[in-house]
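*Asks:* Okay, structure incoming, though there's no sequence with it:
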């Protein structure tokens, strides 16, 4: 556990040194939401939901799918020689999860600010966002390592990663519609449980599969 | 010869499914009746359109209008004009006991050749007084003729397309069985790194995609006949389309990597992920939302009254037959892949 925390701290330190990275992610979020806002002119709540999910998915693809390659590729040897793969994966998942959660909560705030909508149920929104971010972070962290290992064009992996997130996105679509007040389901917390279960399933598969991917 | 038993079994079962599934007739039923509304206290003559019925040859045609368990009206005049056409006359009483504004009745016909058949919501009666009446006949269940022919149930809206159960539903089940086998081989490959498991994974997955496409095609045809369009916004259809996307991505991944070892490893890992996101797509999310499919969003699932015993006698063999034939096709395909790989290694190609 302490070693996992040490890896997370190291990641944070390395990212914090390159301030442009954080700035780039924030700018990406703001620009995307502003483009969506301007394109819709007068965005109804139904579209708010879909726009939020699409931008959320792209933030996920951008931040997590490059978490082993891209700007991190120079650290790869360092990872390889010092860390236990499972510990590294857990640390990466937690780091990516927190990053994605902060960014997407920020995205939700900005979109609400632009469009002047009110969230009916904040706790449900944040809960579904937590579970969704966790599932996407579990799934995409492994896909990210796959894209590094394959030595091919990295864009192909964003195509591969898209359909994998569908179950998470569809459940979140329904949950967000509830938290926006578009529909009112009585038994909505079962859906939160299902989203959590999907995330847990991705986590367990990632943990099982990761070492065999790492070894080569 | 001994090791081929499952292929022979698959072919025989498939033959049985094709013959039984397409030749066994439907049970007699009522296509429609007109008119569908009447005034209380007057007599109304109704024309009944039957399907697979023997009105003319039957000695005794009984026709009833059933308002509820205790209020059943017998037709006062029955005249069979042909095997599938019948004119009947009902003397509808002035008094009907119901708390609705319009009384709704089910039409029941019965004769000794066809057995009973019914059409729900066949007659709507208005202008009645909510009071007891003495024209009702008692329990009619005793007088019904029980038939035990081997015939598929007659269902309104579905009619003859009920046979598609053996092909459309069974092929999705067989696809899921094949995908499970392919995931098993993916895991085996990651454990012992034997190339043959990678070929098997590829073979089973490819046949599953073909099965999925056939499933979509048969489903589209069925949807055209029952729901009126080839494609609806139904959740299960979208889930099936996404499932196809997932496995097309698997093909894309395989074709994009040159190196044999890393291709095998990465595609096996992707296959496990794809399968694990397929389970919520096909089995969890459709149950949460409204769907036209049975078993989803409040519709009854398979079993219950959707699948009666005669359907089961063909449906379960259909699943087994399609899985066995799919397994055979997958075996041929992975052997081809292995042979191709061997000849590349030996420099013959």
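*Replies:* In hand now; what should we look at? Quick caveat: nothing in here was measured; it's all calculated off a predicted structure. Numbering: from 1, shown residues only, chains lettered A, B, ... in the order given.
*Asks:* Kindly report the residues of the stretch 51-200 of chain B close to chain A.
*Replies:* Within the stretch 51-200 of chain B, the residues that sit near chain A (C-beta under 8 Å from any C-beta of the partner chain) are residue B:190. Where C-beta positions appear, they are placed from N, C-alpha and C, glycine not excepted.
*Asks:* Need the per-residue pLDDT for the residue of the stretch 51-200 of chain B found nearest chain A.
*Replies:* Residue of the stretch 51-200 of chain B nearest chain A, by C-beta to the nearest C-beta: residue B:190 (4.7 Å). Looking at residue B:190, its pLDDT stands at 89.
*Asks:* And for residue B:291?
*Replies:* For residue B:291, the predicted pLDDT is 66.
*Asks:* thinking again about what came up before, what count of nearby residues applies to the residue of the stretch 51-200 of chain B closest to chain A?
*Replies:* By the criterion of other C-beta atoms under 10 Å in any protein chain shown, residue B:190 has 20 neighbours.
*Asks:* mind listing what it touches?
*Replies:* Each residue near residue B:190 by C-beta atoms under 8 Å, 6 or more residues apart in numbering or on different chains is listed here: A:209, A:212, B:265, B:268, B:269.
*Asks:* what helix or strand is it on?
*Replies:* Residue B:190 belongs to helix B:168-192 when assigned by DSSP states H and E.
*Asks:* quick one: residue B:253 and residue B:260, what's the gap?
*Replies:* 14 Å (C-beta to C-beta, to the nearest Å).
*Asks:* Tell me which of the two has more neighbours.
*Replies:* Using other C-beta under 10 Å as the criterion, residue B:253 and residue B:260 rank with residue B:253 on top: 23 against 13.
*Asks:* Now do the buried residues in stretch B:340-349.
*Replies:* With burial defined by 16 or more other C-beta atoms under 10 Å in any protein chain shown, the residues of stretch B:340-349 counted as buried are residue B:341.
*Asks:* can you tell me which helix in the chain is longest?
*Replies:* Defaulting to chain A. Counting by DSSP state H, the longest helix found in chain A is helix A:85-115.
*Asks:* actually it's chain B I care about, not the one you picked
*Replies:* The longest helix of chain B (DSSP H) is helix B:309-345.
*Asks:* For the stretch 101-250 of chain B, just list every one of the helices.
*Replies:* Taking DSSP state H, counting those that start in this stretch to define them, one finds helices in the stretch 101-250 of chain B at B:168-192, B:195-226, B:235-256.
*Asks:* helices or strands next to the last one in the packing?
*Replies:* Same thing as helix B:235-256. Under the contact criterion of 3 or more C-beta pairs under 8 Å, 6 or more residues apart in numbering or on different chains; DSSP states H and E, helix B:235-256 touches helix A:155-164, helix B:195-226, helix B:260-279, helix B:285-288.
*Asks:* redo that, cut-off 6 Å
*Replies:* Secondary-structure packing of helix B:235-256 (3 or more C-beta pairs under 6 Å, 6 or more residues apart in numbering or on different chains; DSSP states H and E): helix A:155-164, helix B:260-279, helix B:285-288.
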